[in-house]
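Novice: Here you go, sequence then predicted model.
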Amino acid sequence: MAITLKVNGKTQEVDAEPGTPLLWVIRDELKMTGTKFGCGVASCGACTVHLNGEPVRSCQTFIDDMEGAEITTIEAMSDDKVGAALQQAWVELDVVQCGYCQSGQIMSAVGLLRQNANPSVSEIDDYMWGNACRCATYQRIRAGIQRAAKILEA
């Protein structure tokens, strides 16, 4: 089935079977591999993208519902003010260990900072709950979000 999507500001037509998760369309059809497969059941956050501006788990978001949707992936975050601030903070604070979950972490953190420009530690923990990091860099992720908030207010 042919579906028209707007991915990272560019209109794209994809051909995918009904029931195909958006994750696989992004990775296999559009060849954008920054979005990761983690668990397949929307519980780890590695596959987080933005759908019409809101973070969603792309492994459980199906292509059938995407006609005309605006999708943003990690590949476009350097062009986004909040995304760029988070990426800068991640580099400054050396947040990444293995890096596998980090695109999903950043995509979720963008959603948080768009809703709350100066979140407390508990607000960060509440919002980011469900984004798993097997390397347990949660302290650095939290610090990165706080640093990005400071970058954005400057």
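Specialist: Everything's here; your move. All figures in this text were calculated on a predicted structure; none of them were measured in a lab.

Novice: Tell me which stretches of the protein form helices.
Specialist: Per DSSP state H, the chain carries helices over the ranges 22-24, 81-92, 102-115, 121-128, 138-153.

Novice: list the buried ones in the fourth one?
Specialist: For helix 121-128, burial by neighbour count (16 or more other Cβ atoms under 10 Å) applies to I124, Y127, M128. Bear in mind the C-beta positions are built from the backbone N, C-alpha and C, glycine included.

Novice: Tell me how far E54 lies from K10.
Specialist: Remark: distance between E54 and K10 (Cβ to Cβ, to the nearest Å) = 20 Å.

Novice: got it, and N116?
Specialist: From N116 across to K10, the span is 29 Å (Cβ to Cβ).

Novice: quick one, which of these two is more surrounded?
Specialist: When neighbours are counted by other Cβ atoms under 10 Å, N116 comes out ahead of the other of N116 and K10, with 13 against 9.

Novice: hang on, isn't that one packed against M128?
Specialist: No - counting by Cβ atoms under 8 Å, N116 sits too far from M128 to count as a contact (11.8 Å).

Novice: what sits in contact with each of these two?
Specialist: When Cβ atoms under 8 Å, 6 or more residues apart in numbering defines a contact, no residue borders N116 and M128 alike.

Novice: distance of the residue most central in space within the chain from P18?
Specialist: Compute the mean C-alpha point of the chain, and by Cα atoms, centre = their mean the closest residue is M107, 2.6 Å away. As judged by Cβ to Cβ, M107 and P18 stand 25 Å apart.

Novice: list the buried ones in stretch 18-29?
Specialist: Counting neighbours by 16+ other Cβ under 10 Å, stretch 18-29 gives T20, P21, L22, L23, W24, V25, I26, R27, E29 as buried.
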